[in-house]
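Engineer: coords below, sequence missing:
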C-alpha cells in the first residue's frame, strides 16, 4: 500500500479509500486475503459487505447494543415471572372429585345451583381444594414483593401495592 498515484490505476467508477489499521491487523488481513487468493482490496470489500448484511438482518448490534441487551434481559425476566405465575396457577387446578358431589352434597331432593354452592362452601370441601393454589399464589406474590406476611397477623398488600396506606 502506497500513496503513490501511479501504484494502481482505478477505473472511473472506482475511488480510493484510505484506512489506517495497526500494523498487526493489516498483516493479518493481508495473510487472510492471500489464503483466499484474493487482493487485499477485494478481501476488505467482502468483509464490509458481510458485516453490513449482518447488521441489516439484526445479527450485529451497533450503537444501542447495550440498551438492546438490557431490553432483552428485562423481557426474559418478565417471561420468567409469567411462567412462574402460570406454573403456580396450574400446579393445583381447582377441581374435586365428582364422587364428592354425589356423596356429600347432592341428595334425593332438587337443589338450585346456589344451594349446591352454599352446601359445598359450608361443608369445607373446598378448603382442601383451594388451600394449595391460594398458598402458591400468596408465596408467588410475596416473591414479587406485592404482598407481605407476618406471623400472627397474616397476609397483606405491600406498602407500594396499597398506595402507601397501611
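Structural biologist: In hand now; what should we look at? Predicted model, so just to flag it, every value in this text is computed and none were measured. Numbering: from 1, shown residues only.
Engineer: Kindly indicate whether residue 9 is helix, strand or coil.
Structural biologist: coil (DSSP: H, G, I helix; E, B strand; the rest coil).
Engineer: What strand or helix carries the spatially most central residue of the chain?
Structural biologist: Computing the C-alpha centroid of the chain and ranking residues by CA atoms, centre = their mean puts residue 76 first, at 1.8 Å. According to DSSP states H and E, residue 76 maps onto helix 65-91.
Engineer: same for that helix, what does it pack against?
Structural biologist: Judged by 3 or more CB pairs under 8 Å, 6 or more residues apart in numbering; DSSP states H and E, the packing partners of helix 65-91 are helix 125-143. All C-beta atoms are positioned from the backbone trio N, CA, C, and that covers glycine.
Engineer: Check which helices and strands the helix it packs on is in contact with.
Structural biologist: Under the contact criterion of 3+ CB pairs under 8 Å, 6+ apart, helix 125-143 touches helix 65-91, strand 147-150.
Engineer: any idea of the mean pLDDT in the helix or strand containing residue 41?
Structural biologist: In the assignment (DSSP H and E), residue 41 maps to helix 40-56. Averaging pLDDT along helix 40-56 yields 87.
Engineer: May I see the buried residues of that helix?
Structural biologist: Residues 43-44 are the ones in helix 40-56 that count as buried (16 or more other CB atoms under 10 Å).
Engineer: which outside residues touch the following helix or strand past the helix holding residue 76?
Structural biologist: Next in sequence after helix 65-91, counting helices and strands by DSSP H and E, comes helix 98-100. Taking contacts as CB atoms under 8 Å, 6 or more residues apart in numbering, the residues outside helix 98-100 that touch it are residue 125.
Engineer: What pLDDT is listed against the residue nearest to the centre of the chain?
Structural biologist: So, for residue 76, pLDDT stands at 91.
Engineer: Might you report the residue contacts of it?
Structural biologist: Neighbours of residue 76 in contact, by CB under 8 Å, 6+ apart: none.
Engineer: Check the spacing between it and residue 141 real quick.
Structural biologist: Using CB to CB, to the nearest Å, one obtains 21 Å as the distance from residue 76 to residue 141.
Engineer: Kindly report the same for residue 82.
Structural biologist: Taking CB to CB, one finds residue 82 at 14 Å from residue 141.
Engineer: When those two are compared, which one has more neighbours?
Structural biologist: More crowded of residue 82 and residue 141, by other CB atoms under 10 Å: residue 141, with 19 against 10.
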